[in-house]
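[1] got a predicted structure here, sequence first:
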Amino acid sequence: MFVEPIHLFAIASRQAEWLSVRQKVMASNIANVNTPGYQARDVEPFSLVPNTQAFVMKQTDIGHVDAIDDQEEFTAVRSEKTTEITHSGNSVLIEEELRKGSEINREISLNTAIVRSFHRMMIAAVKGG
């Protein structure tokens, strides 16, 4: 029976990259909170992100603030489905963006703790203790 090795550091690195992109998209949403017609965006859930595929996000309207460099690789971005849209057609909800910010912070902390624990286990295994 062949068992695939678990590449925890590669997975953690990929998730950290995804979290960074999600944080930038969230910041872009907040920066465009008063832009008429701007539609809130979010990235695909990490569980749906293929390990080898990367996409480049482009600014869709000259009036939108784009906090993300055009050269940067990251995961697929999707328009967020919201129930509230302002009279200007903007769908960004500050409360939702702040909730996402807290979620991102928790996930970064968890990712770091897991990598740190795995690293300590590897060191202990190598040292034999």
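    Yep, that arrived. Residues are numbered from 1 along each chain as shown.

[2] which residue ranges of the chain form strands?
    Taking DSSP state E as the test, the strands found in the chain are 41-43, 77-79.

[3] pick out the shakiest of these, pLDDT-wise.
    In terms of mean pLDDT, the lowest-scoring of the strands of the chain is strand 77-79 (a mean of 60).

[4] any idea how far His103 lies from Gln15?
    Not quite, residue 103 is Glu, not His. The spacing between Glu103 and Gln15, counted by CB to CB, to the nearest Å, is 13 Å. Every residue, glycine included, has its C-beta placed from N, CA and C.

[5] for this structure, longest helix please?
    If you go by DSSP state H, the chain has its longest helix at helix 94-127.

[6] out of Glu103 and Gln15, which sits in the busier spot?
    Higher neighbour count among Glu103 and Gln15: Gln15, with 18 against 13, using other CB atoms under 10 Å.

[7] for that one, what are its contacts?
    By CB atoms under 8 Å, 6 or more residues apart in numbering, the contact list for Gln15 reads 46, 107, 111.
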